[in-house]
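Chemist: sharing a sequence plus its predicted fold:
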Amino acid sequence: MLKLKLLLATSLAATTLTMTAQADDPVKVGIVAPLSGPFSDYGQQFRQAIDAYQAQHGKSVGGHSVEFIYKDNGGPDPGRTRSVAQELIVQEQVDYLGGFVFTPNALAVAPLINKAKTPAVIFNAATSAITQQSDYFVRTSYTTPQVSVPVAVYAKEEGIDKVVTLVTDYGPGIDAEQAFAKQFEKDGGEILRSVRMPMNTTDFGPFVQGAKSEAPDAIYVFLPGGPPTYGFVKAYADNGLMEEGIRFLGTAETQELDLQTLGSSALGLHTGFHYSQAHDSPENQAFLDSLHSLYPDAIANWASVGAYDGAHVIYKMIEATGGEKKPEAAVDAVKGLSWISPRGPMMIDSDYRSPIQNVYMRKVVKGESGELVNKEFKVYEEQPDYGRFEE
């Protein structure tokens, strides 16, 4: 009997040690983002949104704690991004990667995640072809064609027949120009002129005046945010295009981090995008409540919701694999995954591993407290990644 008791005690102790070891062996997620420098807002948005998600859903999945490890890649720097990702994979031995603001950075890690078989969730980078570079990429943001095509559809529905496009001359701007123009012309519209503005442009007056001289019904704009957007919107207002009935159409130009700085010049601007902080739904309100309970001054934008939903996808991967390192099973588990995001209904496309989601037309108006908001007034449901059809 004594021998049996000792055996049971030993077995129980071993089981307890095993369970403790499992509980103390966290699933590690490496987040690659700019945490310093001019693009550090993205890193801050990612961290705040992930914290908000964990505050709502806990810091463990199926008994496995989830640890997020943040690494700074500084900005659009493929070499540094590759080094940071390699450090996370080799030294930190992360099970998953997340983040990736810029397309060149995401593309730079494709060979690494292919070799290491590490699932990587893209919170932002919006070029369609990225997910085709690795079977381990999953995207929770959007693609540029996905949000540009509905704007072109809306333009024709509004009786807009002639448009001048003005985009910043870099990859995403060119993608936006081409996606908009293709759909607009397909629907019978006319592109009077396509203008690509240099990245270092600070004086947008001549570009806006040139567009005005074409007498279009609207201009379609793609800008990278921050100072270029401030300068362009001011030039649009100063040159009286709105007063002459020349509509402003865009996508992310009125994003929330820039919106209050744009000021009254932004009133009446129309954009099509997949998320607005002003989106009216219980899920968005719950997200914002969680976010503001942790960070009272936080502003939610598309980067925030990309990271929030990225955390959701990673949790689902961990849940599906029982916390074990099964990369193929993890990715397979989220193909076709659907849920109600703070942005609205969302599904991960099974073939391209990018979102199928609503795109909302918004108009900048004054909110109840006098602040500017992107008020949604029309929805284009279940929009796919139109860029994939060009591959």
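Modeler: Cool, got the structure. Residues are numbered from 1 along each chain as shown.
Chemist: can you give me the helices in the protein?
Modeler: Taking DSSP state H as the test, the helices found in the chain are 2-23, 40-57, 78-90, 103-116, 144-157, 171-186, 205-213, 227-238, 256-262, 282-294, 302-321, 327-334.
Chemist: for Phe248, which of those helices is the nearest?
Modeler: When these are compared by CB to CB, helix 227-238 sits nearest Phe248, at 6.0 Å. Just so you know, the C-beta spots here come from the backbone N, C-alpha and C atoms, and that holds for glycine as well.
Chemist: extract the C-alpha trace of that closest one and format it as PDB.
Modeler: Coordinates of each C-alpha in helix 227-238 appear next as PDB, following Å, rounded to 0.1, in the frame of the first residue of the first chain:
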ATOM      1  CA  PRO A 227       2.400  66.400 -44.300                       C
ATOM      2  CA  PRO A 228       1.700  65.600 -47.900                       C
ATOM      3  CA  THR A 229      -2.000  65.100 -47.200                       C
ATOM      4  CA  TYR A 230      -2.100  68.300 -45.200                       C
ATOM      5  CA  GLY A 231      -0.500  70.200 -48.100                       C
ATOM      6  CA  PHE A 232      -2.700  68.700 -50.700                       C
ATOM      7  CA  VAL A 233      -6.000  69.200 -48.900                       C
ATOM      8  CA  LYS A 234      -5.000  72.800 -48.100                       C
ATOM      9  CA  ALA A 235      -4.300  73.400 -51.800                       C
ATOM     10  CA  TYR A 236      -7.600  71.800 -52.800                       C
ATOM     11  CA  ALA A 237      -9.400  74.200 -50.400                       C
ATOM     12  CA  ASP A 238      -7.300  77.300 -51.300                       C
END
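Chemist: relative to helix 205-213, how tilted is it?
Modeler: For helix 227-238 against helix 205-213, the angle by axes from the mean of the first three to the mean of the last three CA atoms, to 10 degrees is 50 degrees.
Chemist: what residues of helix 227-238 count as buried?
Modeler: Across helix 227-238, burial judged by 16 or more other CB atoms under 10 Å covers Pro228, Thr229, Tyr230, Gly231, Phe232, Val233, Lys234, Ala235, Tyr236, Ala237.
Chemist: so where's the stretch 101-250 of the chain shaky on pLDDT?
Modeler: Within the stretch 101-250 of the chain, no stretch has pLDDT under 70.
Chemist: neighbours of the nearest residue to Gln383 once chain neighbours are set aside, how many?
Modeler: Excluding the flanking residues, the one nearest Gln383 by CB to CB, 6 or more residues apart in numbering is Val359, at 4.7 Å. Close neighbours of Val359, defined as other CB atoms under 10 Å, add up to 27.
Chemist: check contacts around Val359.
Modeler: Neighbour list for Val359: Gln146, Val147, Pro150, Gly272, Phe273, His274, Val379, Tyr380, Gln383 [criterion: CB atoms under 8 Å, 6 or more residues apart in numbering].
Chemist: distance of it from Ile246?
Modeler: For Val359, the distance to Ile246 (CB to CB, to the nearest Å) stands at 23 Å.
Chemist: and for stretch 37-51, what are the contacting residues?
Modeler: 31, 33-36, 68, 70, 72, 74-76, 98-99, 101, 123-124, 226, 257, 291, 294-295, 298, 300-301, 303-308, 310-311.
Chemist: export that stretch as PDB, just CAs?
Modeler: Below are the C-alpha coordinates for stretch 37-51, written out as PDB (Å, rounded to 0.1, in the frame of the first residue of the first chain):
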ATOM      1  CA  GLY A  37      11.400  57.500 -36.100                       C
ATOM      2  CA  PRO A  38       8.800  59.300 -38.300                       C
ATOM      3  CA  PHE A  39       6.600  56.200 -38.700                       C
ATOM      4  CA  SER A  40       6.500  55.200 -35.000                       C
ATOM      5  CA  ASP A  41       2.700  55.900 -34.900                       C
ATOM      6  CA  TYR A  42       2.200  52.600 -36.600                       C
ATOM      7  CA  GLY A  43       4.100  50.700 -33.900                       C
ATOM      8  CA  GLN A  44       2.100  52.500 -31.200                       C
ATOM      9  CA  GLN A  45      -1.200  51.700 -32.900                       C
ATOM     10  CA  PHE A  46      -0.200  48.100 -33.200                       C
ATOM     11  CA  ARG A  47       0.800  47.800 -29.500                       C
ATOM     12  CA  GLN A  48      -2.300  49.600 -28.200                       C
ATOM     13  CA  ALA A  49      -4.700  47.500 -30.300                       C
ATOM     14  CA  ILE A  50      -3.100  44.200 -29.200                       C
ATOM     15  CA  ASP A  51      -3.200  45.300 -25.600                       C
END
